[in-house]
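> I need the structure of the sequence given here:
(one chain, ligands or ions: 2)
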Amino acid sequence: MAKLTLDDVENLGFDNSRLMPFKGVTVGCSQCQAVCVNGTPCHETGCPNERHECFECDTLVPKGVRLCDDCFDELQRDYDAGFLPDDEDDF
Ligand SMILES: [Zn+2]
Ligand SMILES: [Zn+2]
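Numbering: from 1, shown residues only. Ligands and ions are numbered 1, 2, ... in the order given. You can find the predicted model right below:
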């Protein structure tokens with residue numbers, strides 16, 4: 001597994017992470033007691049900084065958000081194009 005960079009962990013919501021000399025990145029979260037399990041940084045359950053992958057692609061989005069901005073825009077375009085049923089009431 002590739003070594004995590006500070007950017008990686010910050011993208012995962014670990015906003016208190018630091019790059020330590022010789023030790024590499026240590027993960028830290030302002031909202032929970034983040035820990036590293038087998039090299040994978042983890043938030044505590046229910047942490048508001050928790051991230052997960054978008055339902056349509058592998059972009060990381062905050063917990064409680066289903067889609068990244070790109071996918072959301074795409075869905076919105078489909079919707080505008082009449083992709084979804086029951087959109088129009090007139091005949
Ligand atoms: Zn956290
Ligand atoms: Zn997406």
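
> what about the strands in the chain?
18-20, 24-26, 35-37, 40-42, 51-53, 60-62 (DSSP state E).

> so what does the fourth one touch, helix or strand wise?
If I follow you right, that is strand 40-42. With contacts taken as 3 or more CB pairs under 8 Å, 6 or more residues apart in numbering; DSSP states H and E, strand 40-42 sits against strand 35-37. For glycine as for every other residue, the C-beta is placed from the backbone atoms N, C-alpha and C.

> How far off centre is the strand it packs on?
Chain-centre distance of strand 35-37: 17 Å, with CA atoms, centre = their mean, to the nearest Å.

> Summarise which helices and strands it is packed against.
For strand 35-37, the elements it packs on are strand 40-42, judged by 3+ CB pairs under 8 Å, 6+ apart.

> Next, the buried residues of the strand it packs on.
Neighbour-count burial for strand 40-42, counted by 16 or more other CB atoms under 10 Å, picks out 41, 42.

> Likewise for stretch 48-64?
The neighbour-count check on stretch 48-64 (16+ other CB under 10 Å) flags 49, 50, 51, 54, 61 as buried.

> Is any residue of stretch 34-46 near ligand 1?
Yes: if you take CB under 5 Å from the ion as the test, stretch 34-46 does meet ligand 1, through 34, 43.

> For the closest residue to residue 59 other than its chain neighbours, list the residues it contacts.
Leaving out its chain neighbours, the residue that sits closest to residue 59 by CB to CB, 6 or more residues apart in numbering is residue 68, at 3.9 Å. For residue 68, the contact set (CB atoms under 8 Å, 6 or more residues apart in numbering) comprises 54, 56, 57, 59, 61.
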